[in-house]
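J.: have a look; sequence and predicted model below, questions after that.
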Amino acid sequence: MKFNLLHTDKLSNARAGLITTAHGEIETPIFMPVGTQGTVKAVHFNELEDKIGAQIILGNTYHLYLRPGTEILEQAGGLHRFNGWNRPILTDSGGFQVFSLTENRKLHEEGAEFRSHIDGSKHLFTPEKVVDIQRSIGADIMMAFDECTPGDADYNYARRSLELTERWLDRCLTRFRETEPKYGCEQSLFPIVQGCVYRDLRTRAAENIAAKGADGNAIGGLAVGEPVEKMYEMIELVNGILPKDRPRYLMGVGTPANLLEGIERGVDMFDCIMPTRNGRNGQLFTAEGIINIKNRKWENDFSPIDEGAYYTPAHTKAFLHHLFKTGEILGLQIASIHNLAFYLWLVKEARRRIIAGDFTAWKTSMLPKLQNRL
């Protein structure tokens, strides 16, 4: 994987770059639609590629390990051939999913024991096994195995967790270096900066990871219950330490406003389930604010869903309101496509503004609108 830093904003740390992988190029800053189980919910790949313009999607090691399983994926020739997505794929290590199984997992030096949410079967994820699973998936960008601490974790817990994550990282890197990709395409492994909301822990983690020389680096353990101001503080702190010539990936974040704040602080890559999950629940993100399409106020509004300069299905607010009111599945699809198109437009426009030199002024004008409830 290669990363070319093309432009840096003069008034902030916002960057425009280009990531080159075996399965194609990625213009940064970029938002990655979440395809947890090998597919983005309610959205066909034709829509993702041709209409939404997704350049990379995210898969999840935990879910793909349980279903369909590495044996099936290897028989298919990797996830790209299994699902037919020919552009880059990034895989989360499964650390966050294991973290969320609070009552059904146990962490120790060797790894994380957990019970499947599907059938209760018992499994063990070690750093080595997580690397092996991602090799079998064939992801272009793989994540190191880590523990994601809650946003309100106390200092001693966060410190012990970080120490464990750092030891696991060393084992991940060793396994990565002693193994080869299975399908003839190069893969990269990103370490993950943890440390909760504690400046000294985040600094230690970022300095440790910066010294590893990985192709790129991730920031995890944010948007998990901490105040948003703390999240921005940690992003700014960490990005001041991580190498400037490598992409920076902020995991699991977030709202449209979060994206712009992250970009301003030097983040290159984002993912979040919010556009599709919220879309399936009737919440639409637009350039003028947030719409709850289930509200009665839209039942006779025959204007387009959004007037924005990005792909929006040719349907009115009234029609989409009708689809949700009657429980038609098409409503979930239209809302998901719309929200993903908006997110991709937002990061693309941010990139254009960075290159043009007016990102900061544009971001300042956009933020109030993005948080406005219509």
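T.: Sure thing, it's come through.

J.: residues contacting the residue nearest to residue 13 when sequence neighbours are not counted?
T.: With sequence-adjacent residues excluded and distances taken as Cβ to Cβ, 6 or more residues apart in numbering, residue 13 is closest to residue 266, at 3.7 Å. The way it works is simple: take the backbone N, C-alpha and C, and place the C-beta from them, glycine included. Each residue near residue 266 by Cβ atoms under 8 Å, 6 or more residues apart in numbering is listed here: 13, 14, 15, 235, 236, 239, 248.

J.: show me those residues that map onto helices.
T.: Using DSSP state H, the subset of the contacts of residue 266 located in helices is 235, 236, 239.

J.: what would those residues look like in CSV with neighbour count, pLDDT and distance to residue 330?
T.: Conversion of the ones in helices among the contacts of residue 266 to CSV gives the following (neighbours: other Cβ atoms under 10 Å; pLDDT from 0 to 100; distance: Cβ to Cβ, whole Å):
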residue, neighbour count, pLDDT, distance to residue 330
235, 25, 98, 38
236, 15, 98, 42
239, 22, 98, 41
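
J.: just to revisit the earlier point, helix, strand, or coil at the residue nearest to residue 13?
T.: coil (DSSP: H, G, I helix; E, B strand; the rest coil).

J.: residue 126 is in contact with residue 110, correct?
T.: Yes - between residue 110 and residue 126 there is a contact at 5.8 Å, judged by Cβ atoms under 8 Å.

J.: out of those two, which sits in the busier spot?
T.: Neighbours were counted for residue 110 and for residue 126 using other Cβ atoms under 10 Å; residue 126 has more, 17 against 13.

J.: right, and the more buried one touches residue 111 too?
T.: Yes - Residue 126 lies in contact with residue 111 (Cβ under 8 Å); the separation is 3.6 Å.

J.: okay, and the common contacts of those two?
T.: residue 145.

J.: all strands of the stretch 201-350 of the chain, in order?
T.: Listed in chain order, the strands of the stretch 201-350 of the chain (DSSP state E, counting those that start in this stretch) span 217-219, 248-250, 269-271, 283-286, 289-292.

J.: please identify the buried residues of stretch 281-301?
T.: 282-287, 289-293, 298, 301 (16 or more other Cβ atoms under 10 Å).

J.: measure it end to end?
T.: 19 Å (Cα to Cα, to the nearest Å).

J.: closest one to residue 356 among the strands of the stretch 201-350 of the chain?
T.: Taking Cβ to Cβ, strand 269-271 is the member of those nearest to residue 356, at 21.0 Å.

J.: which neighbouring elements make contact with the closest one?
T.: Packing partners of strand 269-271 (3 or more Cβ pairs under 8 Å, 6 or more residues apart in numbering; DSSP states H and E): strand 30-32, strand 248-250.

J.: contacts for the first one next, please.
T.: Pointing back at strand 30-32 there. So strand 30-32 is contacted by 19, 54-58, 90, 259, 268-272, 343-344, 346-347 (Cβ under 8 Å, 6+ apart).

J.: count residues in the vicinity of the closest residue to residue 4 other than its chain neighbours, would you?
T.: Excluding the flanking residues, the one nearest residue 4 by Cβ to Cβ, 6+ apart is residue 18, at 4.7 Å. As a burial measure, residue 18 scores 14 neighbours (other Cβ under 10 Å).

J.: can I assume residue 18 sits in a helix?
T.: No - looking at residue 18 with three-state DSSP, it is strand, so not inside a helix.

J.: touching, it and residue 3? I think so.
T.: Yes - Residue 18 is in contact with residue 3 according to Cβ under 8 Å; the separation is 7.3 Å.

J.: returning to that earlier point: how about the strands of the stretch 201-350 of the chain in CSV, adding mean pLDDT and distance to residue 65?
T.: Output for the strands of the stretch 201-350 of the chain, formatted as CSV (pLDDT from 0 to 100; distance: least, Cβ to Cβ, whole Å):
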stretch, mean pLDDT, distance to residue 65
strand 217-219, 98, 19
strand 248-250, 98, 21
strand 269-271, 98, 19
strand 283-286, 96, 31
strand 289-292, 97, 35
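
J.: of these, give the one that comes closest to residue 190.
T.: Of those, nearest to residue 190 by Cβ to Cβ is strand 217-219, at 4.7 Å.

J.: what secondary structure does residue 68 sit in?
T.: The three-state label given to residue 68 by three-state DSSP is coil.

J.: number of nearby residues for it?
T.: Applying other Cβ under 10 Å, we find 16 residues neighbouring residue 68.

J.: likewise residue 49?
T.: As a burial measure, residue 49 scores 14 neighbours (other Cβ under 10 Å).

J.: ok, the one 3 residues further on next?
T.: Neighbours of residue 52 under the rule other Cβ under 10 Å: 25.

J.: wait, doesn't it sit right on residue 336?
T.: No - counting by Cβ under 8 Å, residue 52 does not reach residue 336; the two are 9.7 Å apart.

J.: ok so, going back, so can I have CSV of the strands of the stretch 201-350 of the chain showing distance to residue 208?
T.: Output for the strands of the stretch 201-350 of the chain, formatted as CSV (distance: least, Cβ to Cβ, whole Å):
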stretch, distance to residue 208
strand 217-219, 11
strand 248-250, 15
strand 269-271, 20
strand 283-286, 36
strand 289-292, 39
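
J.: wait, which of those strands is closest to residue 156?
T.: strand 217-219 (22.0 Å).

J.: re earlier: what separation is there between the residue nearest to residue 4 and residue 24?
T.: With distances taken as Cβ to Cβ, to the nearest Å, residue 18 is found 11 Å from residue 24.

J.: list of residues touching stretch 114-128?
T.: Contacts for stretch 114-128 (Cβ under 8 Å, 6+ apart): 62, 65-67, 94, 98, 101, 104-106, 110-113, 144-145, 168-169, 171-172, 175.
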